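Enquirer: With the input below, show me the fold.
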Amino acid sequence: MSSTETPTSGVAPTGRTFGEIVRGYVARVRGGDVGSLPAVLGLVVLVIVFSSLKPGRFTTAFNFANLINQSAGIVVLSMGLIFVLLLGEIDLSAGFTGGTAAAVMGIVMTRHGWPWGPSLLVGLITGAVIGTVIGLLVSRLGIPSFVVSLAFFLGLQGVLLVIIGEGGTIPYRNDVILALNNNSMPIWLGWTVAIVGLTLYALLTWRTNHRRLTSGLSSQSTLLWALKTGALTVFVIAVVYYLSIERGPNPALKSIKGVPIVLAIIVGLLVVLTYVLNRTAWGRHIYAVGGNAEAARRSGINVPFIKLSCFMMSSTLAALAGILIASRDNSVSPVTGGNATLLYAVGAAVIGGTSLFGGKGRVSDAVVGGLVIAIIANGMGLLRQSTGNVYMITGLVLLIAASVDAISRRQAAASGRA
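Expert: All right, here's what the predicted structure looks like:
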């Protein structure tokens, strides 16, 4: 147990006043701990710019919900990649892993008439198996992850072509699977989930903070807890309210309102995966291996297992991402998970604040970065900009994010925080 964690009587919570909270945060930023701040600021700037240029279309509830559905696959794919990136590794095959898993699911569900439950399980298992093979080659044989995942990138692309055929598709006809990334929850259910979730968050964070305080460990002040909880509450209520209003282009023919189902899936994954990374020994070991694999090995951590399990997690979430993309498209094609899908997913993680050098990142980075990429594509599409311009702007944003990461790491090393 470190000196900062030794139970002592009378340890005061950090940041007891608003001024202390602000000064402490500024000090962390100056020391290189910027987190998702650049991405959040970029998100705000992009929303302001596109809202000013296209106020009648960009800021509508319909477009807001559409952004969520469009970015869902990229966000979930990026969530899985974060586990690999935290190790300082890469998985170039994640996109086509998702496409292959979606194709396998489509075959057993559409062509063989399986129920959606077992079909979904088969798709996720397909992703887990692919991740297991990649993880074994990287962790046991020591082959660089770039080479292994590049080989699987090419191989799985071929598998998709063999399964589906060039120019062919596997249609999704199951209403439950199609609803995942197309339909919305009833309004009452959206509000219920939001209120219950906020209540549980407030109670659990208060309990954790109180237990640390009574144990003599460093903890956040009641004021900081209240500010975080209040800000989250306002944000969630605003989002649910905005999504609960009528957004259908022609309500007389079809009413569209309510929180998209896929948003609940993303939030659920965010909560569970964040808990896994921050509150379990496995999560702490991931950060340790990403920070210094040799030091982690010397401290007794099973480094090969950590690497294997992270690639399995990445590929399983990639399978879910591929299924969500296929749900949105109503079918699987040979390019599902291909094109720029993987690049956008890696870019989302980096833009959100995850380091390519390993040891630094959070699951929430995928959400923030995914929204940045989706807003760029959506906003420039509304402005009728070419695909080439979208790629160039997205590449520029990614380069800026990587530069911020490099500068923050240098500042952290200079300040002794690294």
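Enquirer: Show me where the stretch 251-400 of the chain has its helices.
Expert: With helices called from DSSP state H, counting those that start in this stretch, the stretch 251-400 of the chain shows them at 261-279, 281-291, 293-298, 303-329, 341-352, 364-382, 387-415.
Enquirer: Let me know whether residue 227 touches residue 21 as I believe.
Expert: Yes: counting by Cβ atoms under 8 Å, residue 227 does reach residue 21; the two are 7.3 Å apart. Where you see a C-beta, it was placed from the backbone N, CA and C, and this is true even at glycine.
Enquirer: count of neighbours near residue 56?
Expert: Neighbour count of residue 56, defined by other Cβ atoms under 10 Å: 7.
Enquirer: swap in residue 178?
Expert: Neighbourhood size, residue 178 [other Cβ under 10 Å]: 16.
Enquirer: what helix or strand is it on?
Expert: Residue 178 is located in helix 175-180, with elements delineated by DSSP states H and E.
Enquirer: Look up the closest residue to residue 246, ignoring the ones flanking it.
Expert: residue 257 (5.1 Å; Cβ to Cβ, 6 or more residues apart in numbering).
Enquirer: Looking at the helices of the stretch 251-400 of the chain, which is nearest to residue 70?
Expert: helix 364-382 (5.5 Å; Cβ to Cβ).
Enquirer: Give me the buried positions along that closest one.
Expert: When neighbours are counted by 16 or more other Cβ atoms under 10 Å, the buried residues of helix 364-382 are found to be 364-380.
Enquirer: do stretch 349-361 as well
Expert: Applying a neighbour-count criterion of 16+ other Cβ under 10 Å, the buried positions in stretch 349-361 are 349, 350, 351, 352, 353, 354, 355, 356, 358, 359, 360, 361.
Enquirer: Which residues does it contact?
Expert: Stretch 349-361 has contacts (Cβ atoms under 8 Å, 6 or more residues apart in numbering) with 34-39, 42, 78, 81-82, 85-89, 287, 290-292, 362, 364-370, 372-373, 397-398, 401-402, 405, 409.
Enquirer: ok, back up a step: tell me the mean pLDDT over the helix holding residue 178?
Expert: Across helix 175-180, pLDDT averages out at 94.
Enquirer: Output it as CSV, restricted to C-alpha atoms.
Expert: Extracted in CSV, the C-alpha atoms of helix 175-180 (Å, rounded to 0.1, in the frame of the first residue of the first chain):
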residue,chain,number,x,y,z
ASP,A,175,-37.4,-7.5,-36.1
VAL,A,176,-35.5,-7.7,-32.8
ILE,A,177,-32.1,-7.4,-34.4
LEU,A,178,-33.2,-4.7,-36.8
ALA,A,179,-34.6,-2.8,-33.9
LEU,A,180,-31.2,-2.6,-32.1
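Enquirer: Identify all contacting residues around that helix.
Expert: Outside helix 175-180, the residues touching it (Cβ under 8 Å, 6+ apart) are 109, 116, 119, 120, 172, 261, 262, 265, 323, 324, 327, 330.
Enquirer: wait, the fifth one sits on residue 331?
Expert: If I follow you right, that is residue 172. Yes: Residue 172 lies in contact with residue 331 (Cβ under 8 Å); the separation is 5.8 Å.
Enquirer: Report the set of residues contacting both of the two.
Expert: Common neighbours of residue 172 and residue 331 are listed as residue 106 (criterion: Cβ under 8 Å, 6+ apart).
Enquirer: more neighbours, the two?
Expert: Neighbour count, other Cβ under 10 Å: between residue 172 and residue 331, residue 172 has more, with 24 against 18.
Enquirer: Which pLDDT value goes with the more buried one?
Expert: pLDDT, residue 172: 92.
Enquirer: And for residue 143, the neighbour number?
Expert: When counting by other Cβ under 10 Å, one arrives at 15 neighbours for residue 143.
Enquirer: before we move on, the earlier item: quick one: contacts for the residue nearest to residue 246?
Expert: By Cβ under 8 Å, 6+ apart, the residues touching residue 257 are 184, 187, 243, 244, 245, 246, 247, 248.
Enquirer: one more time with 10 Å, if that's ok
Expert: Counting by Cβ atoms under 10 Å, 6 or more residues apart in numbering, residue 257 touches 61, 65, 184, 186-187, 190, 243-248, 251.
Enquirer: To which secondary structure element is the residue nearest to residue 269 when sequence neighbours are not counted assigned?
Expert: Counting by Cβ to Cβ, 6+ apart, residue 79 is the residue found nearest to residue 269 once chain neighbours are left out, at 6.1 Å. With secondary structure defined by DSSP H and E, residue 79 is part of helix 61-85.
Enquirer: chain center to that helix: distance?
Expert: Distance of helix 61-85 from its chain centroid, counting by Cα atoms, centre = their mean, to the nearest Å, is 7 Å.
Enquirer: Compute the number of surrounding residues for the nearest residue in space to residue 98 that is not next to it in sequence.
Expert: Nearest non-adjacent residue to residue 98, counting by Cβ to Cβ, 6+ apart: residue 322, 2.5 Å away. Number of residues near residue 322 (other Cβ under 10 Å) recorded here: 32.
Enquirer: I'd assumed residue 341 was in contact with residue 322.
Expert: Yes: with contact defined as Cβ atoms under 10 Å, residue 322 reaches residue 341; the gap is 8.9 Å.
Enquirer: what about residue 242, helix or strand, and which?
Expert: Assigned by DSSP H and E, residue 242 falls in helix 222-244.
Enquirer: what angle sits between that helix and helix 261-279?
Expert: 160 degrees (axes from the mean of the first three to the mean of the last three Cα atoms, to 10 degrees).
Enquirer: got the phi/psi numbers for residue 170?
Expert: Dihedral angles of residue 170 (phi, psi; degrees, to the nearest 10) stand at phi -120, psi 110.
Enquirer: And it, how close does it get to residue 330?
Expert: Remark: distance between residue 170 and residue 330 (Cβ to Cβ, to the nearest Å) = 10 Å.
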